[in-house]
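Student: Just a sequence and a predicted model for now, questions to come.
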Amino acid sequence: MEELRFSDAGRLYHAYIISAASREEGLRRARTLAAAAVCTGEGPVPCGKCRACRKAESGIHPDITTIRRQTDDKGKQRREITVDQVCWMIGDAYVLPNEAARKVYIIEEAEAMNPAAQNKALKLLEEPPKGVIFLLCTVNPEKLLPTVRSRCAELKCNEGMAERDEEADKLAAAYVKTVSGGDRAKLLRWCMENEGMDNRSALAFTDSTQTLLADMLCGRKPRLGLTEESIAELIRLMERCGSYLKANTGIKHIFGLLAVDPPLGSGNRGKDS
């Protein structure tokens, strides 16, 4: 399996919504990203061998913090993640890391944040301290406020879900390969050749492309020379196109966006930078 690498600037996107069919799968993906953020090994990360990775795997790394629903004085788990918990996270985020170059906050069941807590987190998600990453795990991203979702890249985990549309997966791979090639004219031709699909097929294509990009970002697939920042921008573009399609926006308009808006790669198709 390909491992996650950081960009030349050494950055991951600062906030992710990790949506999964199960809480366990979302947390597993979040912990992999968190380990990558603190890894001190050389080459692909997480290396799984360095002291930081071993601590992350054991759940004892001081710069990886998990925010979850608290328990009351009777030991019963509360229904919500509260404003007080978010206020604590805001204050802690401005404290320098203990060991790593980054700090990571994993928010379990992010949809359990009540509206006040989500609103309190907005400024932190939009303008976080340098080197701080937020991973919002959820099985139901629609329960997060639109203002929260707009400040995060979304990674969709599909393990255990129904078999995917093979044609959509092929189109997704072809589109990402064309983007990574760095030739805007070829991308325009590809989009024009495929803009005749129906709405259902277009939705399946945008969903498959998001899944492929998430796998690239998390190290399951090679990145084809695309940086983490470019992949995050592409994920946002696909989310936007999917939303437009659900609102019955014309297919040609969608493929126009897919031709013009994406950040192009360097043409390094066969390598993982």
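Tutor: Perfect, thanks for sending it. A quick note: this is a predicted structure, and the numbers were derived from the prediction, not measured.

Student: Please make it C-alpha for all contacts and neighbour counts, starting now.
Tutor: Will do.

Student: How is the closest residue in space to Val148 that isn't next to it in sequence assigned, secondary-structure-wise?
Tutor: Nearest residue to Val148 in three dimensions, chain neighbours excluded: Leu122, at 6.2 Å (Cα to Cα, 6 or more residues apart in numbering). Here Leu122 is recorded as helix under DSSP: H, G, I helix; E, B strand; the rest coil.

Student: Can you get me a residue count around Leu122?
Tutor: 17 (other Cα atoms under 10 Å).

Student: Next one: it from Pro115, what distance?
Tutor: 11 Å (Cα to Cα, to the nearest Å).

Student: who's in contact with Arg79?
Tutor: Residues in contact with Arg79 (Cα atoms under 8 Å, 6 or more residues apart in numbering) are Arg69, Ala112.

Student: Am I right that it is in a strand?
Tutor: No - going by three-state DSSP, the assignment for Arg79 is coil, not a strand.

Student: quick one, strands of the stretch 1-150 of the chain?
Tutor: Taking DSSP state E, counting those that start in this stretch, the strands of the stretch 1-150 of the chain run over residues 15-20, 64-67, 103-107, 132-138.

Student: Which residues outside the third one are in contact with it?
Tutor: The contact list for strand 103-107 (Cα under 8 Å, 6+ apart) reads 30-31, 34, 37-38, 63-68, 93, 97, 131-137.

Student: got it, and the second one?
Tutor: The contact list for strand 64-67, computed with Cα under 8 Å, 6+ apart, reads Ala34, Ala56, Gln85, Lys103, Val104, Tyr105, Ile106, Ile107, Glu108.

Student: Between these, which sits nearest Ala174?
Tutor: The closest of the contacts of strand 64-67 to Ala174 turns out to be Ala34 (Cα to Cα; 29.8 Å).

Student: how near is the closest residue to the closest one other than its chain neighbours to Cys39?
Tutor: Leaving aside its sequence neighbours, Ala34 sits nearest to Val104 (Cα to Cα, 6+ apart; 6.1 Å). According to Cα to Cα, Val104 and Cys39 sit 12 Å apart.

Student: do the same with Pro46
Tutor: 6 Å.

Student: Now do the shared contacts for those two.
Tutor: With Cα under 8 Å, 6+ apart, Pro46 and Cys39 have common neighbours Cys53.

Student: Test for you: state the pLDDT assigned to the nearest residue to Leu264 once chain neighbours are set aside.
Tutor: In space, not counting the residues next to it along the chain, Leu264 is nearest to Gly182; the distance is 4.8 Å by Cα to Cα, 6+ apart. Here, the pLDDT recorded for Gly182 equals 89.

Student: Ok, Asn268 next?
Tutor: So, for Asn268, pLDDT stands at 51.

Student: Phe255 is in contact with Glu195, correct?
Tutor: Yes - at 6.0 Å, Glu195 counts as touching Phe255 under the criterion of Cα atoms under 8 Å.

Student: quick one, which of the two is more surrounded?
Tutor: Taking other Cα under 10 Å, Glu195 and Phe255 do not tie; Phe255 has more neighbours (21 against 16).

Student: is it true that that one lies in a strand?
Tutor: No - judged by three-state DSSP, Phe255 forms no part of a strand; its state is helix.

Student: Can you list the residue ranges for helices in the stretch 101-250 of the chain?
Tutor: 115-126, 146-149, 166-181, 184-194, 199-217, 228-246 (DSSP state H, counting those that start in this stretch).
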